[in-house]
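Novice: sequence first, then the predicted structure, then my questions.
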Amino acid sequence: MLNVKNIHTYYGLSHILFDVSLTVSEGEVVGLLGRNGAGKSTTMRSIMGLTPPKEGTITFKGEDVTGKKPFLLVRDGMGYVPDDRRVFADLTVDDNLEIAYQKSKEWNKERIYTIFPALTYMKTRRAGNLSGGEQQMLTIARALMNGPDLLLLDEPTEGLAPLIVRDLEEQILKLKDAGISILLSEQNVRSALRMISRAYVIDEGAIRFSGTVAELEANEEVKKKYLMV
Amino acid sequence: MDFIYSFISPGFLSQILVGLSRTVILFIVASGLSLILGVLRIPNVFHGSLYMIGAFMSYTISVAFGGGDTGFWLALIGAPIGVALISLVIERGLFQYLYEREHLMLILFTFAISLVFGDLVKLVWGAEYKSVPVPQVFQGFVSLFGGLPFPKYNTFLLFMGPVVAFALWLLVTKTKMGKISQAAAVDREMVGAVGINVSWVFATVFVIGCLLAGLGGALVAPTVSVTLGMDHSLIMEGFLIVIIGGLGNIWGALLGALIFGLTQSLGILIWPQFGIVFPYCAVIVVLLIRPTGLLKSTW
């Protein structure tokens, strides 16, 4: 589904990602774990084409999509949930979903509202007035309106109360059951481990570990050094 | 009615109506400016030139059809469309590559284009004054308030103001395009990341904004002498209106235009020689009280 190969990404002159490679296969939920500032969001932005890598290639569904515009990647089937949520604050919840609608995809508002019934009750509310958890739900719902085959979820649990995190985990697992592949970035390792089957650990812009959840659980050194658990 | 006149003189009321007809023109032009400023973040200095070109085009179309009623209506439709086409070419040909530039560069760039337009207009239409005839239906006066004459054409302008405001309201709040542009005004990157081709959204908004400048020019043409330089005074007023109203806010443009139009027309009553100073004083007062503009800015 997704194959990121040896990418180097810069913000202006500062070199952020060093030779990052990762893969996500169809139907898989893969974790990208690391501390704050480790390079998780930059990896996500690179894949989404928001901060294209200077070197390396990104292949999506067998096509080289390095440097492709974000809106075209969405049409190809990539969905993006940014870490700072970025709902369209001035629009209502319903309008936030409407503008993300893609005619060619089988996702529509009705289907979203059945998956996130809570959103039904806030349809007409201004997105900027929602709570953090509600906004997070809305950004995920908005990305689903794009009808993605691969969802890039950047720290969905950040700043949310533990109870809401549990809810969110269930919803994310539902998306997995719906056949959507997910690349999930998290610093909340415990929460992430409940959803993912495979993990990459990133630190200072480079991948330090890759393996299955069981392998990660067994590797005390990586856990201690990079994840602080 | 006499009851009202005992409080307010007929001259005062008719001066308010004159101010409101000026408001309509100012609003139509400034709302386009504000739309472009709010969504594309471009301070478009040649917006005034497009208004001037709208007026000149309206002259040409009107003359081509014999200066009668048909000519007027065709000009009213044709001139804004002509201006919109020019702006489409500029947007696709130049602007779409410049969105990420800083504002100073954009101001200089649009200023340069306004100079080019000024010369082009001189080449095409010459430096003489042109006048566009008022159509038959709107010739003459209606008598208002104890017999004071009020030009019929101005009543048409008073009618057009709400029509354009309503159309804009529909466009911005009810259409998908309008919603997208509201979102893009705040976070254009995220709009792209939910699958919207922001480039075309910007092109559309730009063209609609410029169309409004052309419409303003076509509407004002029968009431003024169409001439070089009408762009300069208007763009100044346009920017002031947008600033006191709140950048990027269409209702702010309406409010700003009202303040500008009414203080100008009433100022003439109070102190005829210095009537033109009043709107600028109002701008200063507004900026002292609310430096970010009266209504919420999208910046």
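Specialist: Structure received. Residues are numbered from 1 along each chain as shown, chains lettered A, B, ... in the order given.
Novice: give me the number of residues near the residue of chain A found nearest chain B?
Specialist: Using Cβ to the nearest Cβ, the single residue of chain A nearest to chain B is A:V74, 3.3 Å away. Yep, even glycine has a C-beta here, placed from its N, CA and C like the rest. Look at A:V74: counted by other Cβ atoms under 10 Å in any protein chain shown, it has 27 neighbours.
Novice: now it: which helix or strand?
Specialist: helix A:70-76 (DSSP states H and E).
Novice: ditto for A:L163
Specialist: Residue-wise, A:L163 maps onto helix A:162-177 under DSSP H and E.
Novice: the helix or strand just after that helix vs helix A:162-177, what angle?
Specialist: For helix A:162-177, the succeeding helix or strand toward the C-terminus, using DSSP H and E, is strand A:181-186. With axes from the mean of the first three to the mean of the last three Cα atoms, to 10 degrees defining the directions, strand A:181-186 sits at 160 degrees from helix A:162-177.
Novice: show me what strand A:181-186 pairs with in its sheet, parallel or antiparallel.
Specialist: Here strand A:181-186 has these sheet partners by DSSP bridges: strand A:29-33 (parallel), strand A:150-154 (parallel).
Novice: hang on, A:E55 packs against A:K5?
Specialist: No. A:E55 is beyond contact range of A:K5, at 9.9 Å (criterion: Cβ atoms under 8 Å).
Novice: show me which residues of chain B sit near chain A.
Specialist: Proximity of chain B to chain A (Cβ under 8 Å from any Cβ of the partner chain) is limited to residues B:176, B:179-180, B:182-183, B:186-187, B:189-198.
Novice: so which of those belong to helices?
Specialist: B:K176, B:K179, B:I180, B:Q182, B:A183, B:V186, B:E189, B:M190, B:V191, B:G192, B:A193, B:V198 (DSSP state H).
Novice: spit out the contact partners of the one residue in chain B that gets nearest to chain A.
Specialist: Proximity of chain B to chain A (Cβ to the nearest Cβ) peaks at B:G195, 3.3 Å away. Shown here is B:G195, whose contacts under the criterion Cβ atoms under 8 Å, 6 or more residues apart in numbering or on different chains are A:F71, A:V74, A:R75, A:A100, A:Q102, A:N146.
Novice: now these in a markdown table, with pLDDT?
Specialist: Below are the contacts of B:G195 laid out as a markdown table (pLDDT from 0 to 100):
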| residue | pLDDT |
| --- | --- |
| A:F71 | 95 |
| A:V74 | 95 |
| A:R75 | 94 |
| A:A100 | 92 |
| A:Q102 | 86 |
| A:N146 | 92 |
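Novice: of all those, which comes closest to A:Y113?
Specialist: A:A100 (14.0 Å; Cβ to Cβ).
Novice: give the contact list for residue 35.
Specialist: Since you didn't name a chain, this refers to chain A. So A:R35 contacts A:Q187, A:D203, A:Y226, A:L227, A:M228 (Cβ under 8 Å, 6+ apart).
Novice: try again with chain B
Specialist: B:L168, B:S181, B:V205, B:I208, B:G209, B:L212, B:G248, B:I250.
Novice: of these, which belong to strands?
Specialist: If you go by DSSP state E, those have nothing in strands.
Novice: between A:E55 and A:K5, who's got more neighbours?
Specialist: A:K5 (17 against 13).
Novice: quick one: the more buried one and A:F60 touch, right?
Specialist: No. Applying Cβ under 8 Å as the test, A:K5 and A:F60 come out as separate, 11.7 Å apart.
Novice: got the phi and psi for the closest residue to B:F141 other than its chain neighbours?
Specialist: Spatial nearest neighbour of B:F141, excluding adjacent residues (Cβ to Cβ, 6 or more residues apart in numbering or on different chains): B:P149 at 3.7 Å. Torsion angles at B:P149 (phi, psi; degrees, to the nearest 10) stand at phi -80, psi 140.
Novice: which residues does B:P149 bridge with?
Specialist: The partner residues for B:P149, given DSSP bridges, come to B:S143.
Novice: ok, now which ones touch the residue nearest to B:D69 when sequence neighbours are not counted?
Specialist: Once flanking residues are discounted, B:D69 sits nearest to B:P135: 4.4 Å by Cβ to Cβ, 6+ apart. Counting by Cβ under 8 Å, 6+ apart, B:P135 touches B:G68, B:D69, B:F72, B:W73, B:P222.
Novice: and B:F141, by the same measure?
Specialist: Contacts of B:F141 (Cβ under 8 Å, 6+ apart): B:P149, B:F150, B:P151, B:K152.
Novice: got a PyMOL select line for the buried ones in the contacts of B:G195?
Specialist: Typed into PyMOL, the line below selects the buried ones among the contacts of B:G195, using 16 or more other Cβ atoms under 10 Å in any protein chain shown:
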select buried, chain A and resi 71+74+75+100+102+146
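Novice: among the contacts of B:G195, which pair sits farthest apart?
Specialist: The widest separation within the contacts of B:G195 (Cβ to Cβ) is 11.9 Å, between A:R75 and A:A100.
Novice: which residues sit in contact with A:D154?
Specialist: A:K40, A:S41, A:M44, A:Y80, A:V81, A:P82, A:D83, A:S185.
Novice: so where's chain A uncertain?
Specialist: A:229 (pLDDT under 70).
Novice: nearest the geometric middle of it, what residue?
Specialist: Nearest residue to the geometric centre of chain A (Cα atoms, centre = their mean): A:L153, 1.4 Å.
Novice: residue contacts, that residue?
Specialist: A:V81, A:I140, A:I172, A:I182, A:L183, A:L184, A:S185.
Novice: any idea which helix is longest in chain B?
Specialist: Max-length helix for chain B by DSSP H is helix B:10-39.
Novice: would you mark the buried spots in it?
Specialist: In helix B:10-39, counting by 16+ other Cβ under 10 Å, buried: B:13-39.
Novice: repeat that for stretch B:242-262.
Specialist: So stretch B:242-262, judged by 16+ other Cβ under 10 Å, has buried residues B:242-262.
Novice: got the contact list for that stretch?
Specialist: B:16, B:19-24, B:26-27, B:30-31, B:33-35, B:37-39, B:165, B:168-169, B:172, B:185, B:237, B:240-241, B:279, B:282-283, B:286-287, B:292-299.
Novice: what's the neighbour count on the closest residue to A:S25 other than its chain neighbours?
Specialist: Nearest non-adjacent residue to A:S25, counting by Cβ to Cβ, 6+ apart: A:M1, 5.8 Å away. Neighbourhood size, A:M1 [other Cβ under 10 Å]: 19.
Novice: thinking A:M1 is in contact with A:G62, fair?
Specialist: No. Shown here, A:M1 and A:G62 do not form a contact pair, counting by Cβ under 8 Å, at 9.2 Å.
Novice: that's all I had, so thanks and see you.
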